[in-house]
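In: take a look and give me a structure for this.
(chains A and B)
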Amino acid sequence: MSLLKYESQIREPLVDGNKDYHQVTEDIIRPIEMKPSRLWYIGFYISVALLLFGVYSVYREVTYGIGQWNLNKTIGWGWDITNFVWWVGIGHAGTLISAILLLFRQGWRTGVNRAAEAMTIFAVMCAGQFPIWHMGRVWMAFFVLPYPNSRGPLWVNFNSPLLWDVFAISTYFTVSLLFWYSGLLPDLATVRDRAKTKLRKLLYGVASFGWTGSTKHWQRHESLSLVLAGLSTPLVLSVHTIVSFDFATSVVPGWHTTIFPPYFVAGAIFSGFAMVQTLMIILRKVFGLQDYITLGHIEAMNKVIVLTGSIVGIAYITELFIAWYGQNPYEWYAFKENRANLFSPYGWSYWLMMFCNVVSPQMFWFKKLRRNIAFTFFMSIIVNIGMWYERFVIIVTSTYRDYLPSSWSTYYSPSIWEIGFYLGTFGLFFTCFFLFSKYFPVIAVAEIKAILKTSGENYKNKMTDIEKADAEKFYIEEVEHAH
Amino acid sequence: MAGGIKKFVVGCFDDEAVLFPAVKNVRRAGYKIHDVYTPFPVHGLDHALGLRETSLHTAGFIYGITGTTTALTCISWIFTKDWPLNIGGKPHFALPAWIPITFELTVLFAAVGMVLTFCYLCQLSPFVKKHHFHPRATDDLFVMAIECTEKTNEAEVTAFLEKAGAIEINTQNAETGWWIGRYDKVQKLYAETEKGY
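Out: Numbers count the residues shown, from 1 in each chain, chains lettered A, B, ... in the order given. Take a look at the predicted model:
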């Protein structure tokens, strides 16, 4: 046994401090059992206020129609779909961390996966709002579902990327939710078994589905997690691929490119990790979880950010090059005049995007900066601003001048209700996240315990003597011990 | 199908390194281990207990291909037989355009099916009541429950567990059958435990 548990001391510990199993439970569950702090209430009320503003904005949009937004003749998508793609992109990091990093056997995922998955679910919820309310007559939203109906039956168009999106987003949401909740069951059982009051026992008893921790159940649970990870891996790649098809299958200059799927997926992971950084840096501070979300975790995520940011950078330059090389006058005009020309109406947004997404993440090549919390927090905000502008650039600069100069629209800027809707989704996101952090274990307790004896700091320190010993002798002793 | 009330000797261990040899010795001595409850998945414990591999992934595969065939048959029937839409004169049977939805439904069916099967097999549901041998089994203890038959000498088992390194040993009665909403009426919880958590 002990042979399998050995991990070199050269690797940074994933759990700092002198922890045993009980201490892990204490550290992570205690915030749930205490009254929330003042800061929590302040944050929560601000989020609810934003949410209410969003609800009112949507109410106006539904009552008076899409005219409440400043969309115009050629810019039919504007902020609305920009926000949709932005939120969906953010929703990619959670499943990437929990699924792809599980398959790659990355131990550091255990510290951040629970909160990142929650973030994914809330981000997809926010994303879903935009296409739904953009329908205008939202009471007809069920028309997107294929079901035998009295209109023919007139079916949905299965060849349309917009319908693929319906399937992709709803599947992604469902599978992420199942993955997240099945992982939560054992931890909710831990909360249940520590509960002092009757109400808590009842609520967490219901929520934990009567989990006992039986060996057979764990065996099935492991199998379930592994297969769900295997399923989610192509799923997470497919979702943003399909979102990119919404653009790529059209014949609009600037959208009609085959590079879109990988470019969108890399961008999604990029912005998703930035959002995870924003949330984790606050979370570890507020709940005192610095021993579980260590500098090593933050550095690992910054490495992903510099990698995906660079992929995004290559994609930007490639599409610019191909627009010129392809010799299509419309395509080249869209890039040269509508985007890259700093003095065109939206040129500033293109260069802002370039700076935030391509130039600034390169700072993370320096180890000092990767391990600097304040800088990481600052960068995570910059990256998400940049990624929002990427979608804005794609949508608005490609549509505000179409083939017919007479329909070139005037300058598009959002109305207060468009902005209000966007702020409202921030309200929804943070309201959900505050409630999650108050009522659920924000770190996967059971998974931390499972890696504690290989990657915990105090257990690693015990390896010092063994590492000094002769390797051959160590092997013989360990093997004999194991049998 | 009530399992009836059964008696268990329960031994708690605080270290998996002690637990593994204990499991081995208990099984070697001929006692029947009902189950071991652990706060996290202990790798290799299922083999040590002699449990067979789970077939959950096979179920997942079957659900997955069900999703694939559902998507393909439905879409092809709708677009070629029921209501063939003329989309720019393109073929009605447009397989490449259906791949995204087919893939999504494959994943959806597999995931939902597997989770439901998992919950069914483990009898997990919101209002199910189960016997919990020790409240710290979800915190830091590895709890081994040994089933007693008429022949079992409890004192002997207790002594055996003590020697194997258990830090806390007690005897509990529990119903082995489980189903929704009835289980708690007849069970006795860890009332017999000395510490009475």
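In: I'd like to know how many residues surround residue 105.
Out: No chain was given, so I picked chain A. The number of residues packed near residue A:105 is 7, by other Cβ atoms under 10 Å in any protein chain shown. To be clear about C-beta, it is placed using only N, CA and C from the backbone, and glycine gets the same treatment.
In: my bad, chain B
Out: Using other Cβ under 10 Å, residue B:105 is surrounded by 22 other residues.
In: for chain B, just list every one of the helices.
Out: For chain B, the helices defined by DSSP state H occupy B:16-28, B:45-48, B:56-77, B:95-121, B:154-164, B:183-186.
In: could you do the stretch 251-400 of chain A as well?
Out: A:260-286, A:295-325, A:329-333, A:347-354, A:367-370, A:373-392, A:398-399 (DSSP state H, counting those that start in this stretch).
In: other SSEs contacting the fifth one?
Out: Other elements packing on helix A:367-370 under the criterion 3 or more Cβ pairs under 8 Å, 6 or more residues apart in numbering or on different chains; DSSP states H and E are helix A:295-325, helix A:373-392.
In: returning to what we had before: turn the helices of chain B into a markdown table, including distance to chain A and mean pLDDT.
Out: Putting the helices of chain B into a markdown table (distance: least, Cβ to the nearest Cβ, whole Å; pLDDT from 0 to 100) gives the following:
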| stretch | distance to chain A | mean pLDDT |
| --- | --- | --- |
| helix B:16-28 | 6 | 86 |
| helix B:45-48 | 4 | 84 |
| helix B:56-77 | 5 | 95 |
| helix B:95-121 | 4 | 94 |
| helix B:154-164 | 16 | 86 |
| helix B:183-186 | 9 | 35 |
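In: for residue A:384, find the nearest of the ones you listed.
Out: The closest of the helices of chain B to residue A:384 is helix B:95-121. By Cβ to Cβ, the value is 27.2 Å.
In: relative to helix A:260-286, how tilted is the helix or strand encompassing residue A:59?
Out: Assigned by DSSP states H and E, residue A:59 belongs to helix A:38-64. Comparing the axes of helix A:38-64 and helix A:260-286 via axes from the mean of the first three to the mean of the last three Cα atoms, to 10 degrees yields an angle of 140 degrees.
In: now do the contacts for the residue of chain B positioned farthest from its centre.
Out: Ranking residues of chain B by C-alpha distance from their mean position (Cα atoms, centre = their mean) puts residue B:89 at the top, at 53.0 Å. Listed by Cβ atoms under 8 Å, 6 or more residues apart in numbering or on different chains, the contact set of residue B:89 is empty.
In: repeat for residue A:259
Out: Going by Cβ under 8 Å, 6+ apart, residue A:259 touches A:315, A:318-319, A:322.
In: same deal with residue B:32?
Out: Residue B:32 neighbours (Cβ under 8 Å, 6+ apart): B:146-147, B:149.
In: tell me the pLDDT at it?
Out: Model confidence at residue B:32, given as pLDDT, is 80.
In: mind checking how far it is from residue A:214?
Out: Residue B:32 is 15 Å from residue A:214, where distance means Cβ to Cβ, to the nearest Å.
In: cool, and residue B:94?
Out: Taking Cβ to Cβ, one finds residue B:94 at 49 Å from residue A:214.
In: more neighbours: the two, which one.
Out: A direct count of neighbours by other Cβ under 10 Å for residue B:94 and residue A:214 places residue A:214 higher, at 20 against 16.
In: all strands for chain A, in order.
Out: Under the criterion DSSP state E, chain A carries no strands.
In: where does it have low pLDDT?
Out: The model of chain A has pLDDT under 70 over residues A:1-6, A:466-467, A:469-471, A:473-483.
In: list the contacts for the residue nearest to residue A:211 when sequence neighbours are not counted?
Out: Nearest non-adjacent residue to residue A:211, counting by Cβ to Cβ, 6 or more residues apart in numbering or on different chains: residue A:189, 3.8 Å away. Neighbour list for residue A:189: A:204, A:208, A:211-213, B:138 [criterion: Cβ under 8 Å, 6+ apart].
In: could I get the buried residue list for stretch A:19-33?
Out: Counting neighbours by 16 or more other Cβ atoms under 10 Å in any protein chain shown, one finds that the buried residues in stretch A:19-33 are A:19-21, A:24-25, A:27-29, A:31-32.
In: and that stretch with chain B, contact?
Out: Yes - counting by Cβ under 8 Å from any Cβ of the partner chain, chain B is contacted by stretch A:19-33 at A:20-22, A:25.
In: for the helices of the stretch 251-400 of chain A, give me TSV that also has mean neighbour count and distance to residue B:129.
Out: Conversion of the helices of the stretch 251-400 of chain A to TSV gives the following (neighbours: other Cβ atoms under 10 Å in any protein chain shown; distance: least, Cβ to Cβ, whole Å):
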stretch	mean neighbour count	distance to residue B:129
helix A:260-286	24	34
helix A:295-325	19	38
helix A:329-333	16	65
helix A:347-354	18	56
helix A:367-370	14	49
helix A:373-392	21	45
helix A:398-399	24	59
